[in-house]
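Asks: okay, here's the prediction I keep looking at, along with the sequence it came from:
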Amino acid sequence: MSETPPPLSPSPAPRHRTRIKICGITRVEDAQAAASSGADAIGLVFYPPSPRNVSVAQARDIAFSLPPFVSVVALFVNAAPDLVEEVIDQIRPALLQFHGDETPQDCARYRHPYIRAARMREGLDLLDFVSRFSTSQALVLDTDQPGCGGGGEVFDWSRIPANVALPLVLSGGLHAANVTHAIRQVRPWAVDVSSGVEASKGIKSAQRIAEFIAAVRAADL
């Protein structure tokens with residue numbers, strides 16, 4: 001008679017893999033560098049005042065150059081609905097990102113998955129903000145500054161409440177030298193970087209992208 005095999009030991013809980021978005025992509029080669037280094041998503045900015053703004057035609061070239069399973073996020077700041085609808089139709093982004101003064105109704109009108117940015121200004125009631133944008137896929141936490149991010153400034157991470165009901169995407173002033181510490185303190189679902197991996201405004205550095213992603217992976221160990 002064969003012996004009963006010993007019970008299996010419980011498997012250790014899997015570690016969370018922090019997702020990575022490289023935002024403000026303006027060139028095909030930068031999108032491909034992000035994908036090659038292991039980024040989960042790229043961000044395309046549709047906001048003319050930004051040095052990282054792209055046209056719909058540029059965005060198509062960038063988006064269609066990506067390999068499978070790298071997502072495209074389309075970022076808007078108080079954009080006209082016609083532009084948002086054109087981007088959805090032409091680019092087919094996985095997510096929309098609203099970074100201006102959009103209301104919950106503004107964000108939901110397109111019936112497309114979206115994430116909402118919250119600028120971490122003094123006096124912001126983040127829990128109330130989350131309750132109003134409950135249909136958002138996640139909450140992007142960014143530094144309070146003019147424009148749509150990319151200013152390279154960090155906000156005080158200790159101001160983030162512990163009981164936020166949406167997945168958190170940490171942004172604002174991240175780079176290879178501080179992102180490991182940021183992840184270990186905040187434990188976000190994802191991190192979002194733009195200026196921290198640039199050679200100049202709107203032009204990414206493949207080396208800085210690779211260094212940033214390596215620092216994120218170090219935080220997950």
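Replies: Perfect, I can see it now.
Asks: use CA for all of it now, contacts and neighbours both
Replies: Noted.
Asks: would you mind finding the longest helix in this structure?
Replies: helix 206-220 (DSSP state H).
Asks: what comes into contact with that one?
Replies: For helix 206-220, the external contacting residues (Cα atoms under 8 Å, 6 or more residues apart in numbering) are 15-18, 20, 22, 30, 33-34, 37-39, 175-177, 179-181, 183-184, 196-198.
Asks: for ChimeraX, write the select line for the buried members of these.
Replies: The ChimeraX command for the buried members of those (criterion: 16 or more other Cα atoms under 10 Å) is given here:
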select :18,20,22,30,33,34,37,38,39,175,176,179,180,183,196,197,198
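Asks: show me the contact partners of stretch 179-190.
Replies: 18-21, 157, 160, 167-170, 212, 215-216, 218-219.
Asks: in contact with G152, which residues?
Replies: G172, G173, L174, S195, G196.
Asks: need those residues in JSON lines (columns: pLDDT).
Replies: JSON lines is the format used below for those (pLDDT from 0 to 100):
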{"residue": "G172", "pLDDT": "95"}
{"residue": "G173", "pLDDT": "96"}
{"residue": "L174", "pLDDT": "97"}
{"residue": "S195", "pLDDT": "95"}
{"residue": "G196", "pLDDT": "97"}
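Asks: in CSV, list these along with distance to F76 and secondary structure.
Replies: Formatted as CSV, the contacts of G152 follow (distance: Cα to Cα, whole Å; DSSP: H, G, I helix; E, B strand; the rest coil):
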residue, distance to F76, secondary structure
G172, 17, coil
G173, 20, coil
L174, 21, coil
S195, 17, helix
G196, 20, helix
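Asks: what segments of this protein are helices?
Replies: 28-37, 56-64, 81-91, 104-108, 126-132, 179-186, 206-220.
Asks: next, format those as CSV and append distance to V140.
Replies: Formatted as CSV, the helices of the chain follow (distance: least, Cα to Cα, whole Å):
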stretch, distance to V140
helix 28-37, 20
helix 56-64, 22
helix 81-91, 19
helix 104-108, 14
helix 126-132, 11
helix 179-186, 13
helix 206-220, 17
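Asks: a markdown table for these, including distance to M120 and mean pLDDT?
Replies: Output for the helices of the chain, formatted as a markdown table (distance: least, Cα to Cα, whole Å; pLDDT from 0 to 100):
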| stretch | distance to M120 | mean pLDDT |
| --- | --- | --- |
| helix 28-37 | 27 | 98 |
| helix 56-64 | 29 | 98 |
| helix 81-91 | 25 | 98 |
| helix 104-108 | 18 | 98 |
| helix 126-132 | 8 | 96 |
| helix 179-186 | 14 | 97 |
| helix 206-220 | 22 | 98 |
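Asks: what's the closest of the ones you listed to Y47?
Replies: helix 81-91 (10.2 Å; Cα to Cα).
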